[in-house]
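Undergrad: I'll drop the sequence and a predicted model, then ask my questions.
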Amino acid sequence: MDMLWNGWGDPAKAAPLPDSVTGLLRDLLGVKPRGTPALGLEDIRLPAPTASAAALKALAAAVGGDEHVRTDSESRVRHTRGKSTPDLLRIRAGDVADVPQAVVLPAGHDEVLAVLRACAAHGLAVVPFGGGTSVVGGLAPQRSAFVALDLRRMDGLLDLDPVSRTAVLQPGLRAPEAEALLAGHGFTLGHFPQSFEWATIGGFAAARSSGQASAGYGRFDEMVLGLTLATTEGTIETGRAPRSAAGPDLRQLILGSEGAFGVITSVTVRIRPLPETRLYEGWRFGSFEEGATALRRLAQDGPRPTVLRLSDETETLIGLAQPDAIGADLAQGGAGCLAITGYEGTAEDTAHRRERAAAVLTACGGTPAGAEPGERWAHGRYSAPYLRDALLDVGAFAETLETAAFWSRVPGLYAAVRTALTDTLTQAGTPPLVMCHISHVYENGASLYFTVVSAQGEDPVAHWTPAKQAANEAVLAAGGTISHHHGVGTDHRDWYVREAGPLGVSALRAVKRRLDPEGLLNPGVLLPTD
């Protein structure tokens, strides 16, 4: 099944907002329906592909036949850009300026190499495409003549070593299918980002993904033990051992490279036994500062839950901590901040960690809220993107951004980004609701995940661009990183260049020139084009 072409996920799960929420948006933010008729897929008009017949023939030869090279309008539209709010607003308006010439579906590493050779011979750029879930412009290259390299046929479990607890997965394997395959052998990857239902293994590696259970299982880049990369110049293979002192770790060069250096064709990952028990519960804190202190205590001194999250006062009040119950706390007069803790593992270990963590949370001013908030969060943990689409449908603008910093900088970063978003959008005549949660914790710091909701304004994309830029400036000025887990893409590229510094960017450019001398791999994503 493909995702909605003009929204997120499974069409059967898309649901309109209840009238009570629509009224709340109208009263709080002045949201009004835009009244523009929605375009259907059949209404989208594409220019004919400009790729030559010889190029299409070479691509077909590379992947075993014409049936694996698609040039029909629907396939091309479905591979146009990603799923950020500006991406969706543009495609809903019929803007398909970034449409690929063709969609190519290789079946393995050698076919990927053959596609790259064919594209180099015919001057076509290449954009690797997994689940299509990028929200930072990672699928919109600065090149008009490009093909989308859809990796869905590369969706297997190639090897599983139960002694070493490793698995080799292909890049086009979606996360739910990966979990099902591993569960058949009694294991789990433990990687559950909000994009879980649609994102792929290759995408997780290419963007340095982080899942909602990262406090227990770690980030995806911590799970990766080896990678295979196809480039226009050949193949790179990494990961002979769990750790090595044999020079710089090339895995770290490939992780987060976002298709700019090559195409990831296999990933060797660490796996864990399936947990006997999964338990989620809620805690209340009087303030975001108080709750953040409690999370820091657990992250630094333990015991660390598998899932550890904290919503600020606004997010708790509105109810985005539980996306399927938006407005519930507001209607019930809720106050303070909601934290979610989750425990996975053996029954004995889970009970022990839960008891010890409860003592820490209580000592930090927390009040137990029982299992209901935790179970509601677990039930709705993948619902927020559907909620975003429903908000767009009624004329609201809804978008997210994230960052991370050391603990001492988190309060200043939180305040700076909120102020930048609020001031910019208010000056534009669309005062927003700005909500935030801590979604990932470490011994030395944490991530902040912001959600912004406002009226759309006359031109929704132009309305958002200054606010996004102001938030990016605030992130760097406050000592944060431009992205914790969404990636760089084109949206963050110019700020990433400043974060990495001139010499660092020069080194990465040298790598790209060696692996991709023609500049065909995702041009303009991650690094500016020359």
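TA: Yep, it's here.
Undergrad: and the helix or strand Ala415 falls within, what's its mean pLDDT?
TA: Assigned by DSSP states H and E, Ala415 falls within helix 410-427. Helix 410-427 comes out with an average pLDDT of 98.
Undergrad: mind listing what's buried along it?
TA: Residues 410, 413-414, 416-418, 420-422, 424-425 are the ones in helix 410-427 that count as buried (16 or more other CB atoms under 10 Å). Quick note: C-beta positions are derived from backbone N, CA and C, even for glycine.
Undergrad: same thing with stretch 223-240?
TA: Those would be 223-232, 236, 238-239, for stretch 223-240 by 16+ other CB under 10 Å.
Undergrad: show me these that map onto helices.
TA: Judged by DSSP state H, the buried residues of stretch 223-240 include Met223 as members of helices.
Undergrad: and the two most separated of the buried residues of stretch 223-240?
TA: Met223 and Thr232 (27.8 Å; CB to CB).
Undergrad: who's in contact with the one helix or strand Glu281 maps to?
TA: Element membership of Glu281, judged by DSSP H and E, is strand 277-285. For strand 277-285, the surrounding residues in contact (CB atoms under 8 Å, 6 or more residues apart in numbering) are 291, 294, 307, 310, 336-347, 350, 354, 361, 364-375, 377-378.
Undergrad: assign a three-state SS to Met3, would you?
TA: Three-state call for Met3 (DSSP: H, G, I helix; E, B strand; the rest coil): coil.
Undergrad: residues contacting it?
TA: 9-10, 78, 83, 131-132, 198.
Undergrad: include secondary structure when you put those residues into a markdown table, please.
TA: Shown next, in a markdown table, are these (three-state DSSP):
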| residue | secondary structure |
| --- | --- |
| Gly9 | coil |
| Asp10 | coil |
| Arg78 | helix |
| Lys83 | coil |
| Gly131 | coil |
| Gly132 | coil |
| Trp198 | coil |
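Undergrad: kindly reformat the residues you listed as TSV containing pLDDT.
TA: Putting those into TSV (pLDDT from 0 to 100) gives the following:
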residue	pLDDT
Gly9	92
Asp10	91
Arg78	96
Lys83	97
Gly131	96
Gly132	96
Trp198	97
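Undergrad: export the residues you listed as TSV, with columns for distance to Ala384 and neighbour count.
TA: As requested, those are exported to TSV (distance: CB to CB, whole Å; neighbours: other CB atoms under 10 Å):
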residue	distance to Ala384	neighbour count
Gly9	11	20
Asp10	14	14
Arg78	22	22
Lys83	12	24
Gly131	16	23
Gly132	17	24
Trp198	13	22
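Undergrad: would you format those as a markdown table with distance to Leu25 included?
TA: Converted to a markdown table, the contacts of Met3 look like this (distance: CB to CB, whole Å):
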| residue | distance to Leu25 |
| --- | --- |
| Gly9 | 22 |
| Asp10 | 24 |
| Arg78 | 30 |
| Lys83 | 22 |
| Gly131 | 29 |
| Gly132 | 28 |
| Trp198 | 26 |
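Undergrad: which residues of this structure score low on pLDDT?
TA: Where the chain drops to pLDDT under 70, the residues are 35-36, 320-334.
Undergrad: the strand holding Glu281: partners in the sheet, and parallel or antiparallel?
TA: strand 337-345 (antiparallel), strand 367-370 (antiparallel) (DSSP bridges).
Undergrad: output the longest one as CSV, restricted to C-alpha atoms.
TA: Once side chains and other backbone atoms are set aside, the C-alpha atoms of strand 337-345 remain, and they are given as CSV (Å, rounded to 0.1, in the frame of the first residue of the first chain):
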residue,chain,number,x,y,z
CYS,A,337,3.0,18.9,32.8
LEU,A,338,2.4,15.2,31.8
ALA,A,339,5.3,12.8,31.7
ILE,A,340,5.1,9.3,30.2
THR,A,341,7.3,6.5,31.4
GLY,A,342,7.5,3.1,29.8
TYR,A,343,9.2,-0.1,30.8
GLU,A,344,10.1,-3.1,28.6
GLY,A,345,11.9,-6.3,29.4
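Undergrad: alpha carbons of whichever helix or strand comes after that strand, as CSV, please.
TA: Next along the chain after strand 337-345, taking DSSP H and E as the criterion, comes helix 347-363. Output of helix 347-363 as CSV, limited to C-alpha atoms (Å, rounded to 0.1, in the frame of the first residue of the first chain):
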residue,chain,number,x,y,z
ALA,A,347,8.7,-9.0,34.2
GLU,A,348,11.2,-8.9,37.1
ASP,A,349,13.4,-6.3,35.6
THR,A,350,10.5,-4.1,34.6
ALA,A,351,9.0,-4.2,38.1
HIS,A,352,12.3,-3.4,39.7
ARG,A,353,13.1,-0.4,37.4
ARG,A,354,9.6,0.9,37.7
GLU,A,355,9.8,0.9,41.5
ARG,A,356,13.1,2.6,41.6
ALA,A,357,12.2,5.2,39.0
ALA,A,358,9.0,6.0,40.8
ALA,A,359,11.0,6.8,43.9
VAL,A,360,13.1,9.3,41.9
LEU,A,361,10.1,10.9,40.2
THR,A,362,8.3,11.3,43.5
ALA,A,363,11.4,12.8,45.1
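Undergrad: what is the distance between helix 347-363 and the centre of its chain?
TA: The chain centre lies 30 Å from the centre of helix 347-363; the measure is CA atoms, centre = their mean, to the nearest Å.
Undergrad: going forward, the N-terminal residue is numbered 841.
TA: OK, 841 is where the count begins now, so the last one is helix 1187-1203.
Undergrad: what's it in contact with?
TA: Outside helix 1187-1203, the residues touching it (CB under 8 Å, 6+ apart) are 1115-1117, 1119, 1121, 1123, 1134, 1137-1138, 1141-1145, 1179, 1181, 1183-1185, 1208.
Undergrad: out of the residues you listed, which are buried?
TA: 1115, 1119, 1121, 1123, 1134, 1138, 1143-1145, 1179, 1181, 1183-1185.
Undergrad: now the residues you listed as TSV including distance to Arg874?
TA: Converted to TSV, the buried ones among the contacts of helix 1187-1203 look like this (distance: CB to CB, whole Å):
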residue	distance to Arg874
Pro1115	46
Leu1119	43
Glu1121	41
Trp1123	40
Ala1134	42
Leu1138	44
Pro1143	49
Arg1144	45
Pro1145	42
Ala1179	37
Thr1181	40
Tyr1183	44
Glu1184	43
Gly1185	48
